[in-house]
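Participant: Sequence first, then the predicted structure:
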Amino acid sequence: MKGIHHIAIIGADYARSRRFYAEILGFPVLHEVYRAERRSWKCDLDAGNARIELFSFPDAPPRPSRPEAQGLRHLAFAVDDLDAEIARLAGLNVASEPVRVDPYTGRRFTFFADPDGLPLELYEAGEPQAALEEARAPGGGV
């Protein structure tokens, strides 16, 4: 295996989900097609090191997000400046949870949700050297 090629997301309202992922989150549209035989849209978005495939399907059941269930838990997006991204999203009416710190890497992160309630995470890129050295020390947990 070479890595993750794509992540597939089915939106309840295709136009709303497309706007969220392409315009609010800023993932460029690579290709978009309406598949008449399936009554379904498919939109490929460039998410940097992978693609997001955004779909619509008539009458798709909702996905349980809370309480947490088995299976895919959430998607995490790397950002360079967590505070700036939180502020940018807040300006577009996307609320984020309070910022937390990963005790094993020292990196800050927060969660927010897409229009269908799919949990999404912003994870500050990079690794603070002191936090990693402490985590990698004997008994440090990494």
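Facilitator: Everything's here; your move. Numbers count the residues shown, from 1 in each chain.

Participant: what pairs with the helix or strand harbouring K42, and is each one parallel or antiparallel?
Facilitator: Assigned by DSSP states H and E, K42 falls within strand 40-46. Here strand 40-46 is paired, per DSSP bridges, with strand 29-35 (antiparallel), strand 51-56 (antiparallel).

Participant: buried residues in that strand?
Facilitator: For strand 40-46, the neighbour count (16 or more other Cβ atoms under 10 Å) marks 40-45 as buried. No exception for glycine: its C-beta is placed from N, CA and C like everyone else's.

Participant: Any idea which helix or strand in the protein has the lowest mean pLDDT?
Facilitator: helix 129-136 (a mean of 54; mean pLDDT, DSSP states H and E).

Participant: quick one on the thing from earlier: relative to the whole chain's centre, how far out is the strand holding K42?
Facilitator: 15 Å (Cα atoms, centre = their mean, to the nearest Å).

Participant: Give me the contacts around it.
Facilitator: 6, 14, 18, 21-22, 27-35, 51-58 (Cβ atoms under 8 Å, 6 or more residues apart in numbering).

Participant: From these, keep the buried residues only.
Facilitator: Here, 16+ other Cβ under 10 Å leaves 14, 18, 21-22, 27, 51-56 buried among the contacts of strand 40-46.

Participant: ok, so of the buried residues of strand 40-46, who is nearest G126?
Facilitator: L45 (24.1 Å; Cβ to Cβ).

Participant: Who is the closest one paired with across the strands?
Facilitator: Here L45, judged by DSSP bridges, has bridge partners V29, I52.

Participant: What of T110?
Facilitator: L122.

Participant: Would you agree it is in contact with L120?
Facilitator: No. Contact criterion Cβ atoms under 8 Å: T110 and L120 do not qualify, at 9.6 Å.

Participant: And the strands in the protein?
Facilitator: 6-11, 29-35, 40-46, 51-56, 75-79, 100-101, 108-113, 119-124 (DSSP state E).

Participant: Could you dump the strands paired with strand 40-46 into JSON lines with distance to D80 added?
Facilitator: Below are the strands paired with strand 40-46 laid out as JSON lines (distance: least, Cβ to Cβ, whole Å):
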{"stretch": "strand 29-35", "distance to D80": "23"}
{"stretch": "strand 51-56", "distance to D80": "20"}
